[in-house]
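Chemist: Predicted model and sequence follow; I will ask about them next.
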Amino acid sequence: MTILTYLIAYSATAVFLVAVAIRIHWWVRMPMHLRWELYPVAHEGARASYGGSYLEDSEWWTRPRRASRWGELRAMVPEILFLVALREHNRQLWTRSFPFHFGLYLVAGCTVLMAAAGLLGACLPGLMAGPLGGVMRGLIPLMGHAGLVLGLAGAIGLLQRRRQHPLRDYSAPMDFANLAFFVIAFSFALLTAWTVDRSFATVSELVGNLATFNIVPLRGSGMGAMLPCVAAILLAVLAAYIPLTHMSHFIGKYFAYHAIRWADEPNLPGGAQEQSINDLLSLPVSWSAPHIGGDGTKSWREVATEDPDR
Amino acid sequence: MKQPDGLKDIARRPGQPLALVAPNDQTPLPPPFDRVDEDPPIRPLSDTARSAYAVLDDTIAVNIERPTTEDAERELVEAFLSGLAKLFSVPDNWTFLQPLEMSMEHCARCQTCSEACHIFEESGGNELYRPTFRSEILRRIYFKYVKKASPLVHGDIDLNWETVARLIELAYRCNLCRRCAQTCPIGVDNALLSREIRKIASQEMGIAPRELHRDGSVLQLAAGSSTGMTPLVVKDNIEFIDEDTAERTGISIKTPWDVVGADILLIHNAGEIMSWPENPGAYATVFTTAGLSWTMSSEITAYDAINYGVWYDDIQFARVAVHHAAAARRLGVRKIVLGECGHAHKALTVIADKVLTGDLNIPRESGLVVLRDIVRSGKIAFDTSRNDFPVTLHDPCNMVRLMGLVSPQREIIDAVVPEARFREMAPHGVENYCCGGGSGFAIMSGHNFADWRHHVSGRRKFRQILEAFAEEPMTQDHPKYVCAPCSNCKGQIRDIITYYDAWEKAGIYYGGLVELVVNAMVDAKPGFIDWEWH
């Protein structure tokens, strides 16, 4: 059972990392698009408070661009941690979605902490025997229990909300199945924690072994070892599954903000963007309407500069 | 309330409307327009129109003729699917591929966007107008019929000619104001999807509202302006405007034409020249008094800032933008300045930014910024007491939410209107509501579409106007000014005021921003704003 768990956990981690990498690569490789920003734009500094832009400046193209990365952080961090947009615009859903997401963060954080503890224990056992190790060993069950409880409560709340109008009418069967998967995986993990692994010692050992590639059976036996293994398998498969679905919005959201909503970088004469734009304008057009007559050979530049004769 | 039972209704009940909006379904307006029985009714769609065209609700924007044979029905569906596939091809749709993929891939169907939509809200919450209704149908068609994915994953939908025709019509029940996108926790943009549907219809199927295409961008490119004004006519009209404005203000002006080497090429929405001549007259007065070096162009397309392609067709958009820039290049101006037209601002300044390269990439600036700088410069003296009446400000979505132009218009108002007389709408700035005429609606009036536009899409703006003036006596002898620095918004607000008879009943008047500036100029004769209903 332990070996199977290691195998599935490594496979799931690989699937997760590859899927995330492919997803990021896919977004990064998207061609430049026409500007479609939406205000407020967070890096506008003081102007962001009322939604203003550099276009308010006299002869804006003569002034140096000042994009406030601090402003972006100030918007992104609360958005990621607390889902402030949802809280502002859909409080009912936020009461379910926030615990769900925060629970996920805590579970993910707990997993990272367990892996770090395993690595430190192998490399610097003295450090783990000291106060730092004590803090980590204290934090792991705290984050684990809190994360699983919040995540489970949120997933049940989201599932219940999705069964109501209007969400129900717009959801596909898979939307319900996805949430059900969270409910099952988190329920099982929580049940395991409460029954056989209250201090998260067994699962910490498992994750530590994974992190140090120490493929050995767990010290416990019977249900005490089996239940953590099953819980770990469920959570690992869930983690691998997420980036394969529309739940990969945790990646997409970065691009939604940085590549679309806040993408206000102007194309200045002689600037870095011109060559890319010229390349795109050379692409062939195949739109078939009579006023375009794109035959797949004429380029955007040719179609856009010809006098329409229809 | 008559509304769809679900998404699948889009393919059902052929020839029957899926939704109707009745006054009793809507939230009453504030006083003195709070009597539901006094609400002007939406005139029903004629039987002839119902039998000739695709029917979505009780109005028609696009006029998609009902196919007479099964082959014709099939062709319509196939053309739509062909266009839908092209939306996801880099060569054909690099222009919006990334925002499109974002909105197709990541919607959580949480419906957070719904309450942000003025059309959905003012329809009484009619399901047909929920911003996700059309988006979700588009997604399901794409995943089921183009990507061949399982309906278990992305949801099921039936596809017939009714689905296609109604979806295209439904894309014209959205003002493209992107208020819904602003509220989306993930970054999904329903307005973008509406526009992409419009693009399939126009760019692949040759289907678009006559007002936007044949009488809009095509006419502009061929004759010079969607108003039909030729270069000769526009110069003639401006000459008359100069004379009339000089008579009213006592300040002599002569609009310069085709001045090579001028600093500024000023481009107005030609609708101003035809319908609100005081606006270009006021710009000429302010620019002349401030001593700016400026010109207008009499080149075809370049004396009309409109660019309707921004609402429905990337190619038409690019063609018009290139014409505008080419005219500026030929004159050798330092910058293009856009008059009071929201979509023209966004089209040429922001969207065309990644189309214009080399010597076509001439800087573009908002006329509001130039006006603000003139006001700041102290070159013109103002007497705010000349604008001693209640003023509220409409924020055009294209300038504000989509460009971040928020403070210049307020700074100008601060300088020319007594502080105690200005009332902000709630909400305002980047959270404003569309006037209801956005994305072409303001110029679309076929069948009974204007009734729907006033009754549904424009109702929230009218509500906001009434709320802004709630503390004022609602009588004609206590005139109130709605300042709308955008030609299309102004047209829509004029139409709403007319529809509800709000000038007669409540003294609500409207106009642009530069008119307030000239009305307060110490050197001009008083009374530039004449309070005569046009």
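Modeler: Sure thing, it's come through. Numbering: from 1, shown residues only, chains lettered A, B, ... in the order given.
Chemist: Do you know the pLDDT at the most centrally placed residue in chain A?
Modeler: In chain A, the residue lying closest to the centroid (CA atoms, centre = their mean) is residue A:250, at 2.1 Å. Per-residue pLDDT puts residue A:250 at 91.
Chemist: residues in contact with it?
Modeler: For residue A:250, the contact set (CB atoms under 8 Å, 6 or more residues apart in numbering or on different chains) comprises residue A:242. Using the backbone N, CA and C atoms, a C-beta is placed for each residue, glycine as well.
Chemist: Can you say which helix or strand has it in it?
Modeler: Using DSSP states H and E, residue A:250 maps to helix A:249-255.
Chemist: Next, the buried residues of that helix.
Modeler: A:249, A:250, A:251, A:252, A:253, A:255 (16 or more other CB atoms under 10 Å in any protein chain shown).
Chemist: so which two of those are the farthest from each other?
Modeler: Farthest pair in those (CB to CB) is A:250 and A:255. Separation: 11.1 Å.
Chemist: Walk me through the domains of the chain.
Modeler: In the absence of a named chain, this looks at chain A. Here chain A is described, according to automatic domain parsing, as comprising the domains A:2-27+A:90-245, A:273-305.
Chemist: ah, no, chain B please
Modeler: If you go by automatic domain parsing, chain B breaks into B:7-204, B:214-372, B:381-519.
Chemist: mind checking the end-to-end distance for the last one?
Modeler: Taking CA to CA, to the nearest Å, domain B:381-519 runs 11 Å from one end to the other.
Chemist: and that domain with chain A, contact?
Modeler: Yes - counting by CB under 8 Å from any CB of the partner chain, chain A is contacted by domain B:381-519 at B:400, B:401, B:402, B:403, B:404, B:405, B:406, B:407, B:408, B:429, B:430, B:431.
Chemist: Where does pLDDT dip in chain A?
Modeler: When residues are selected by pLDDT under 70, those of chain A lie in A:307-310.
Chemist: For chain B, give me its nearest residue in the stretch 1-150 of chain A.
Modeler: Residue nearest to chain B within the stretch 1-150 of chain A: residue A:53 (2.5 Å; CB to the nearest CB).
Chemist: Pull the contacting residues for that residue.
Modeler: A:39, A:41, A:44, A:47, A:264, B:403, B:404, B:405.
Chemist: which residues touch the first one?
Modeler: Meaning residue A:39. For residue A:39, the contacting residues are A:51, A:52, A:53, B:400, B:401, B:402, B:403, B:404, B:406, B:430, by CB under 8 Å, 6+ apart.
Chemist: Same check on the third one?
Modeler: Each residue near residue A:44 by CB under 8 Å, 6+ apart is listed here: A:52, A:53, A:54, A:67, A:68, A:71, B:404.
Chemist: need the residues you listed in CSV with distance to residue B:17 and secondary structure, can you?
Modeler: As requested, the contacts of residue A:44 are exported to CSV (distance: CB to CB, whole Å; DSSP: H, G, I helix; E, B strand; the rest coil):
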residue, distance to residue B:17, secondary structure
A:52, 43, coil
A:53, 42, coil
A:54, 46, helix
A:67, 49, coil
A:68, 50, coil
A:71, 48, helix
B:404, 39, coil
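Chemist: which one of these is nearest residue B:40?
Modeler: Nearest member of the contacts of residue A:44 to residue B:40, counting by CB to CB, is residue B:404, at 36.5 Å.
Chemist: right, and the closest one touches residue A:55 too?
Modeler: Yes - the criterion here is CB atoms under 8 Å, and residue B:404 meets it with residue A:55 at 5.9 Å.
Chemist: any idea of the pLDDT on the closest residue to residue B:506 other than its chain neighbours?
Modeler: Distances taken as CB to CB, 6 or more residues apart in numbering or on different chains place residue B:474 nearest to residue B:506, at 4.2 Å, with adjacent residues excluded. Reported pLDDT at residue B:474 in the predicted model: 96.
Chemist: Pretty sure residue B:474 sits in a strand.
Modeler: No - secondary structure assignment (DSSP: H, G, I helix; E, B strand; the rest coil) places residue B:474 in coil, not in a strand.
Chemist: can you pull the contacts of residue B:360?
Modeler: The neighbours of residue B:360, taking CB under 8 Å, 6+ apart as the test, are B:322, B:325, B:326, B:329.
Chemist: With residue A:50 instead?
Modeler: A:40, B:406, B:407, B:429, B:430.
Chemist: give me that answer again for 10 Å
Modeler: Residue A:50 sits next to A:39, A:40, A:44, B:404, B:406, B:407, B:410, B:428, B:429, B:430 when contact means CB atoms under 10 Å, 6 or more residues apart in numbering or on different chains.
Chemist: Likewise for residue A:179?
Modeler: Contacts here follow CB under 10 Å, 6+ apart; on that basis residue A:179 touches A:100, A:154-163, A:171, A:247.
Chemist: Would you mind measuring from it to chain B?
Modeler: Per CB to the nearest CB, to the nearest Å, residue A:179 is found 11 Å from chain B.
Chemist: Give me the nearest residue to that residue, chain neighbours excluded.
Modeler: residue A:159 (4.3 Å).
Chemist: sorry, back to before: could you tell me which of the contacts of residue B:360 belong to helices?
Modeler: B:322, B:325, B:326, B:329 (DSSP state H).
Chemist: just checking, residue B:295 is part of a strand?
Modeler: Yes - looking at residue B:295 with three-state DSSP, it is inside a strand.
Chemist: So which residues on the stretch 151-300 of chain B come close to chain A?
Modeler: For the stretch 151-300 of chain B, the residues found near chain A under the criterion CB under 10 Å from any CB of the partner chain are B:151-156, B:178-189, B:191-192, B:195, B:199-208, B:213-214, B:217-218, B:221-222, B:300.
Chemist: what sits against residue 282?
Modeler: As the question left the chain open, I've gone with chain A. Contacts for residue A:282 (CB under 10 Å, 6+ apart) come out as A:299, A:300, A:301, A:302, B:91.
Chemist: Wait, chain B was what I had in mind.
Modeler: B:241, B:245, B:248-249, B:253, B:272, B:276, B:340, B:371, B:511-519, B:521, B:524, B:528-529.
Chemist: Show me just the buried residues among the residues you listed.
Modeler: Using 16+ other CB under 10 Å, the buried members of those are B:241, B:245, B:248-249, B:253, B:272, B:276, B:340, B:371, B:511-519, B:521, B:524, B:528-529.
Chemist: How are the helices of chain A distributed by residue range?
Modeler: A:2-28, A:69-82, A:84-89, A:91-123, A:125-129, A:131-162, A:167-170, A:173-195, A:201-211, A:223-241, A:249-255, A:273-281, A:300-305.
Chemist: Does anything pack onto the shortest one? Which helices or strands?
Modeler: Okay, so that is helix A:167-170. Judged by 3 or more CB pairs under 10 Å, 6 or more residues apart in numbering or on different chains; DSSP states H and E, helix A:167-170 is in contact with helix A:131-162, helix A:173-195, helix B:131-141.
Chemist: Switch those helices over to CSV; also include distance to residue B:480.
Modeler: Below are those laid out as CSV (distance: least, CB to CB, whole Å):
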stretch, distance to residue B:480
helix A:131-162, 44
helix A:173-195, 49
helix B:131-141, 32
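Chemist: so which of those is the most packed in?
Modeler: helix B:131-141 (a mean of 25; mean count of other CB atoms under 10 Å in any protein chain shown).
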